[in-house]
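Asker: Just a sequence and a predicted model for now, questions to come.
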Amino acid sequence: MTTLSPITSPSPAFALSANGVRIPKRGTIACHPALGFGEVVSRSGSRLRIKIDNADGDVFQTLRDRAAARSAGAEIEISGLEREREDMESPLNGAKALVDGMIESIIGRTTSAGEVIVNIDDAEAFGWEFDEFALAPVKKAKAKKSVIPKPVVARPVEAVELEDNTRPDWLVAEMNACFGDTWTPGQAQN
């Protein structure tokens with residue numbers, strides 16, 4: 001009697017954070033015991049932005065208040081950075097690219113009503129559960145390079161060095177190295 005071995009497929013390799021935590025897929029369902037269900041809207045660095053679907057009254061009000069406080073704080077920070085960029089005595093004067101990057105970072109930290117930002121590494125510890133996780137990109141197997149043997153260089157059996165007293169020693173050495181015994185000492189140079 002023959003037994004068939006089960007077909008095993010390799011388990012998927014999940015994309016992991018720097019701390020080894022699986023990264024939730026964008027657009028997947030997120031669930032928290034206190035906040036309810038939501039959707040992973042985006043990921044930036046080690047943070048997830050989750051849009052809560054149906055937050056209850058008190059929870060939704062708290063999220064709305066925190067979003068308003070973040071927005072107000074962000075507006076103050078952004079106006080301060082823009083003022084520093086225009087101030088002639090400020091070290092940020094003329095650093096438009098740097099200030100714009102700082103402003104984008106501040107905007108990235110703000111949330112709208114019904115959104116939360118969660119650290120990927122701590123999400124499961126704080127009760128978040130996710131439906132799907134991002135997969136790591138499949139690495140293509142590289143073809144091994146074939147080793148090409150180096151050609152064997154035939155060495156002269158006996159090196160003949162010619163001498164010429166009419167030429168400098170360095171020239172005779174160069175001619176011996178380049179031409180071997182095919183040149184004739186004492187020939188006139190053209």
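Answerer: Looks like it came in fine.
Asker: Kindly list the main-chain dihedrals of F130?
Answerer: Main-chain torsions, F130, degrees, to the nearest 10: phi -120, psi 150.
Asker: For burial, what's the neighbour tally of the nearest residue in space to it that is not next to it in sequence?
Answerer: What sits nearest to F130 in space, not counting adjacent residues and going by C-beta to C-beta, 6 or more residues apart in numbering, is P24, at 4.0 Å. Any C-beta I mention is one placed from the backbone N, CA and C, and that applies to glycine too. Neighbour count for P24, taken as other C-beta atoms under 10 Å: 26.
Asker: Report the contact partners of P24.
Answerer: Counting by C-beta atoms under 8 Å, 6 or more residues apart in numbering, P24 touches 30, 40, 43, 48, 120, 123, 130, 132-134.
Asker: Quick check, pLDDT for the nearest residue to D131 once chain neighbours are set aside.
Answerer: Spatial nearest neighbour of D131, excluding adjacent residues (C-beta to C-beta, 6+ apart): I29 at 4.0 Å. In this model, I29 is scored at 89, pLDDT.
Asker: swap in V40?
Answerer: Looking at V40, its pLDDT is 90.
Asker: again, but for S9
Answerer: Reported pLDDT for S9: 50.
Asker: in which helix or strand would I find S90?
Answerer: Applying DSSP states H and E as the criterion places S90 outside every helix and strand.
Asker: What's the first helix or strand after the helix or strand bottoming out on mean pLDDT in the chain?
Answerer: Here the helix or strand of the chain ranked lowest by mean pLDDT, DSSP states H and E is helix 57-86, holding a mean of 80. For helix 57-86, the following helix or strand on the C-terminal side (DSSP H and E) is helix 96-109.
Asker: Can you pull the phi/psi pair for the residue nearest to F130?
Answerer: phi -60, psi 150.
Asker: How about C31?
Answerer: Note on C31: backbone dihedrals following degrees, to the nearest 10 are phi -140, psi 140.
Asker: wait, what's in contact with the nearest residue to it once chain neighbours are set aside?
Answerer: Sequence neighbours aside, E129 is the residue nearest to C31 in space, at 4.7 Å (criterion: C-beta to C-beta, 6+ apart). Contacts here follow C-beta under 8 Å, 6+ apart; on that basis E129 touches 30-32.
Asker: ok, 10 Å please
Answerer: 24, 29-33, 37, 123 (C-beta atoms under 10 Å, 6 or more residues apart in numbering).
Asker: No further questions, thank you.
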